[in-house]
Structure formats: structure tokens, C-alpha cells
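> Need a 3D model of the following:
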Amino acid sequence: MSKLPNTTASIFSVMSQLAQKHNAINLSQGFPNFPVDERLLQISNRLLTTNVHQYTPMAGLPSLLEKIASLTQKNYQRKVNTSSEILITAGATQGIYTTINTFITYNDEVIILDPSYDSYEPSVLVAGGKPVRVSLNDDYSPNFNRIEAVITSKTKLIIINNPHNPTGKIWKEEEFQALETILDKHSNILLLSDEVYEYISFKHPHISINSRPKLIDKTIIASSFGKSLHVTGWKVGYLIAPERLMNEIKKVHQFLVFSINSFSQHAISEYLDIVDFSKIATMYERKRALFQDILKNSRFELLQSEGTYFQIASYKEISAKSDTEFAKDLITKHNVAAIPISVFYKDATDKQMLRFCFAKTDETLIAAAEKLTKI
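Numbers count the residues shown, from 1 in each chain. As a prediction, this is how the structure comes out:
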């Protein structure tokens, strides 16, 4: 008997395999193809020959926990307790899975805002819960009337993602105020805030739950060093939550993975002393501008990318095909890989849009964009 009977290979794997088969430029999967910081490599090379290869404490390397606390204080003016409110995880996805399986049991309802990252619903299903999918507005802002309309006595958790994958949308102050109003009325509901792209925002600043006093006590925040430091393959993330919630999460975490890769924790801990997080968004903003500038001459319509390293584009002026079919054609006929947006919806809503990842070298972005302008 399968806990996930309807789950097949992810669209990311499908598109990447097709891209590899046709030697296409891969802008589908969300990871950088440029080298990591040379300074991080130097730290890593030196650490390889030192005694950093055994288990760290279950919650994480103490020095790394201290650095995260300092980072949170600096950027969000929140003081977190390193011994009771932070947990290092095997990537944000494991942190999200662990959180959901800590607090969700049979028939509990979890509100997920569509389009949504593909790991949320399976985590709820494995926990025995019921995913309740609610579509965002046409501009991908949250629709609080829809959210409140589906809240029942069984609702235990709301998941938000900001900055948003796949659309790059960033929540605004008034939207957080509306969320606070809802959760004030429904005080038993917890919030899981996926903030893995927190350091990649452009025109509008990222507003973290870390900076929302009314929400901190009921929220688990997921962050990702993989996304922030361009080391997605290291799979190191972390959770921040109030002690009463973190105590429960740690009970599950210790039997799921116990402790996270020790070498990566030591390397990241040292690297945090020298890396400038303010430069991350600047670098991606330049890449976004490069990609967008070339595509101005194309038939694609570009949506505003407020954060993350993703660009949404409409192809309505090019084809009437479904987004999945068009994405496959894009690979086989034009040698560029992207992700169809419909896969992020429960009901496969098709608005004839694709997601392109611009976390790539300039050469890759130029080559891909030039191909796209010829369609």
C-alpha cells in the first residue's frame, strides 16, 4: 500500500532529463551553475584535514547556531535562543517535512497556497493530514477571503512561501497585517513560513516572520543556506521556532536524521564570518536584468520578479498549447528547458506560463535568451 499513490517523478526531474537528452540549456531546476565563492572553497579545503568529520550535537554545531542567531538579530532584530529556538536541518525541505510530521496527525487540515512548492502536499499526506489548496490571486498575492473561508475546526497549519517560488512574488505589509488578523481569530492554527529565498529580494524588501511580533509565537520559519550561499548540494538549512514548538520538532528530527553533515556545518560557520548577505540580491538583480533585457525583444511577456531567482513568462502570443506541452517543445525544438507553472497547482491551472531560473552564468543566460527571442 502506498502513502503517495498518485506521486510520480517530479517535473523537475522530467524536464532536466529531457534537457540532457536534447543537450538543451537547462533553466528548469532552481540551482546555480556557477562556481561557489572561492573563499568558501579555501575554507573547505583546509577543514578537510581537520577533525570535523564526526557527529555534531543533534540541534547543530554550536558555533553555527551562534552565527545564525547573530544573523537573525542583525537582519530582523529578533533575539533567538541558540539552545532552544534553532535547529540545523538537512536542507529546508527536511525541515518542512519534519515540521509538518511533528504537528499534523490523521485528518488534520493544512492550508497550502497555490501555486505551491511540490514538497508541501506530500509531507502532509505522509503525516495523514488533508491538504487544503487555496489559489492565490491573479497577481499571485494572497487572497485572505479564500483563506478564511476554508478554515475549519480541523485546520492546524497554514503554509506560506515568501519570497514565492515559482512566481517571485513578495508579501507586503498589509498582507501580513491581514494574516495576523486571521490568526488572531483562530489562535490554535500554527504557521509554517518557507523563507528560503529571504536574501534574494529586489524592489520590495523581504519581510520575515522574524520581524512580526504578533506571529513569532506561533510560527516555524524555514531557511536555506543552500539557496543563500549557492551550495544547494550541501543540503543545509535551519528552522527557527519558539521553544515550546521546537522541543516537539526536535523529538521527530532526532529519529529522522539526528545530526546534519558535520563538515558542511563547520565550513558554513566559518564562511558566515566573511560573507556579505547584502550582495546576494545585488548579484541576482543584475542577472535578472541581463535576462530580461534580451527577452524584451521576444514574444514572451515577462511578469514582475520581485524576489527569488525565477522569472515567470507568458507565451500566450506564441502558442495555444498547454504549458507542459509547450515546455517540452521548448526543449526539443528550441533547446531551452523551463518549468510549466500548472504543475504547482492542485487542479493543474494552466495560464500558459513558464518558470525560468536565472541563477546561471551570464553566458548561459545570454545563450538561452537569444534562443528564446527567435521563437
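
> Can you read off the pLDDT for the spatially most central residue of the chain?
Residue closest to the average C-alpha location in the chain (Cα atoms, centre = their mean): V196, at 4.5 Å. pLDDT recorded at V196 is 98.

> Does it touch A222 like I think?
Yes. Applying Cβ atoms under 8 Å as the test, V196 and A222 come out as touching, 6.5 Å apart. C-beta here means a position set from N, CA and C on the backbone, and glycine is covered the same way.

> Name the residues contacting each of those two.
By Cβ atoms under 8 Å, 6 or more residues apart in numbering, V196 and A222 have these common neighbours: A92, G237.

> residues in contact with the residue nearest to the centre of the chain?
Counting by Cβ under 8 Å, 6+ apart, V196 touches A92, N165, A222, S223, S224, G226, K227, S228, G237.

> Now secondary structure, neighbour count and pLDDT too, for those, in a markdown table please.
Formatted as a markdown table, the contacts of V196 follow (DSSP: H, G, I helix; E, B strand; the rest coil; neighbours: other Cβ atoms under 10 Å; pLDDT from 0 to 100):
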| residue | secondary structure | neighbour count | pLDDT |
| --- | --- | --- | --- |
| A92 | helix | 25 | 97 |
| N165 | coil | 23 | 97 |
| A222 | strand | 26 | 98 |
| S223 | strand | 27 | 98 |
| S224 | strand | 25 | 97 |
| G226 | helix | 22 | 95 |
| K227 | helix | 26 | 95 |
| S228 | helix | 19 | 95 |
| G237 | strand | 24 | 98 |
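
> Out of those residues, which is nearest to V110?
Distance to V110 across those (Cβ to Cβ) is lowest for A222, with 14.5 Å.

> Quick check, the closest one in contact with L191.
No. Counting by Cβ under 8 Å, A222 does not reach L191; the two are 11.2 Å apart.

> Am I right that K130 is in contact with E109?
Yes. Using Cβ under 8 Å, K130 makes contact with E109 at a distance of 4.9 Å.

> Between those two, which contacts overlap?
In terms of Cβ under 8 Å, 6+ apart, K130 and E109 are both contacted by the residues K154.

> returning to that earlier point: what residues are shared contacts of A222 and L191?
By Cβ under 8 Å, 6+ apart, no residue touches both A222 and L191.

> Can you give the domain ranges for the chain?
Using automatic domain parsing, the domain ranges for the chain come out as 11-36+277-373, 50-271.

> Can you give me the neighbour number for the residue lying closest to Y97 once chain neighbours are set aside?
In space, Y97 comes closest to S123 once its chain neighbours are excluded; the distance is 4.6 Å by Cβ to Cβ, 6 or more residues apart in numbering. S123: 22 surrounding residues under other Cβ atoms under 10 Å.

> Identify the residues contacting S123.
Residues in contact with S123 (Cβ under 8 Å, 6+ apart) are I96, Y97, I100, N101.

> and it, how far is that from A59?
Counting by Cβ to Cβ, to the nearest Å, the separation of S123 from A59 is 21 Å.

> H206 too?
Counting by Cβ to Cβ - H206 and A59 are separated by 26 Å.

> go on, L239?
10 Å.

> What of L190?
20 Å.

> Helices of this protein, residue ranges please.
Ranges of helices within the chain are 11-21, 38-47, 62-76, 91-103, 120-126, 144-149, 173-185, 213-216, 225-228, 243-256, 262-271, 278-295, 323-334, 362-373, based on DSSP state H.

> in the longest one, what's buried?
Which is helix 278-295. Residues I280, A281, Y284, E285, K287, R288, L290, F291, Q292, I294, L295 are the ones in helix 278-295 that count as buried (16 or more other Cβ atoms under 10 Å).

> can you redo these as JSON lines with distance to D37?
Output for the buried residues of helix 278-295, formatted as JSON lines (distance: Cβ to Cβ, whole Å):
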{"residue": "I280", "distance to D37": "11"}
{"residue": "A281", "distance to D37": "16"}
{"residue": "Y284", "distance to D37": "14"}
{"residue": "E285", "distance to D37": "18"}
{"residue": "K287", "distance to D37": "16"}
{"residue": "R288", "distance to D37": "20"}
{"residue": "L290", "distance to D37": "20"}
{"residue": "F291", "distance to D37": "22"}
{"residue": "Q292", "distance to D37": "25"}
{"residue": "I294", "distance to D37": "27"}
{"residue": "L295", "distance to D37": "28"}
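
> got CSV for those, with pLDDT and distance to S28 too?
Converted to CSV, the buried residues of helix 278-295 look like this (pLDDT from 0 to 100; distance: Cβ to Cβ, whole Å):
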residue, pLDDT, distance to S28
I280, 96, 22
A281, 96, 23
Y284, 97, 17
E285, 97, 22
K287, 97, 16
R288, 98, 17
L290, 98, 19
F291, 98, 14
Q292, 97, 18
I294, 96, 18
L295, 96, 16
